[in-house]
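**Q** Sequence and computational prediction follow.
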Amino acid sequence: MKLRLALALLIASVPAAFCQGFEASVSGGESYIPSKSSDIGSGYELKDGFRLALRMTLNWKRFLGHEFGYGYTHTSLEATSALTGGAASNSGLAAHQGFYDFLAYALPEGSHVRPFACGGVQFTSFTPAGSYQRETKYGVNFGGGFKVKVKENWGFRADIRQYNMSKPFNNVLGSTGRLQLYEFSVGISFMM
């Protein structure tokens, strides 16, 4: 496991040797799950929650970049009233996510405001509260946002993204179909 982690870090750091700019950011916001996607089977639904994301961006061309990140989403799993005899029952659900995105900027590096579009892949591990069991799903994501440079090395960003993957717990709850999780977040960035 340690060897795989070291190899992954080495491979991820190779583009840094050729990049023009580096950014590190932390963002917070909301995760939204539309009602058509929230039903995961057997009378259970996923609810909206909060999201925290850490991102590292390597801008290697004037209009292009790569972004690697970690996202934590805290949502809840709600049993419908039919299962609980009238009252809805909630239990916490954590979703840990690793992702990669390719970024395309509308304005070149050095601009004070940089709108961008992004797309990539991710894995998401769902862990119910009080459990050591988790289920990992793989998927794609896309979205966009903008970055604003406020001072020489500091700025802020806003992101809207959709993460699309198969629904979790299909072996236990019989869920089918795709889960669409939306991120609406704002954050601060350190830029070099």
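**A** Alright, I've got the coordinates.
**Q** contacts and neighbour counts: CA atoms only from here.
**A** Fine.
**Q** Quick check: bridge partners of residue 74?
**A** residue 50, residue 94 (DSSP bridges).
**Q** Counting neighbours, what do you get for it?
**A** Counted with other Cα atoms under 10 Å, residues neighbouring residue 74 total 19.
**Q** Now do stretch 124-140: distance from first to last residue.
**A** Distance between the two ends of stretch 124-140: 11 Å, counting by Cα to Cα, to the nearest Å.
**Q** ok, and what's touching it?
**A** With Cα atoms under 8 Å, 6 or more residues apart in numbering as the contact definition, stretch 124-140 has outside contacts at 91-98, 119-123, 163-169.
**Q** Go through it and flag the buried ones.
**A** By neighbour count on 16 or more other Cα atoms under 10 Å, the buried set for stretch 124-140 is 124, 125, 126, 127, 128, 134, 136, 137, 138, 139, 140.
**Q** May I ask which two of those residues are separated the most?
**A** 128 and 140 (22.6 Å; Cα to Cα).
**Q** which stretches of the protein form helices?
**A** Per DSSP state H, the chain carries helices over the ranges 2-13, 35-38, 81-84, 170-173.
**Q** Tell me who's in contact with the residue nearest to residue 56 when sequence neighbours are not counted.
**A** Leaving aside its sequence neighbours, residue 56 sits nearest to residue 24 (Cα to Cα, 6 or more residues apart in numbering; 4.6 Å). Applying Cα under 8 Å, 6+ apart to residue 24 gives the contacts 54, 55, 56, 57, 189, 190, 191.
**Q** So how do I select the buried members of those in PyMOL?
**A** Command for PyMOL, covering only those of those found buried under the criterion 16+ other Cα under 10 Å:
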select buried, resi 54+55+56+57+189+190+191
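**Q** Closest one of the contacts of residue 24 to residue 69?
**A** Closest approach to residue 69 among the contacts of residue 24 (Cα to Cα): residue 55, at 4.3 Å.
**Q** Show me what the residue lying closest to that closest one once chain neighbours are set aside is bridged to.
**A** In this structure, residue 55 finds its nearest non-sequential neighbour in residue 69, 4.3 Å apart by Cα to Cα, 6+ apart. Beta-bridge partners for residue 69, by DSSP bridges, are residue 55, residue 99.
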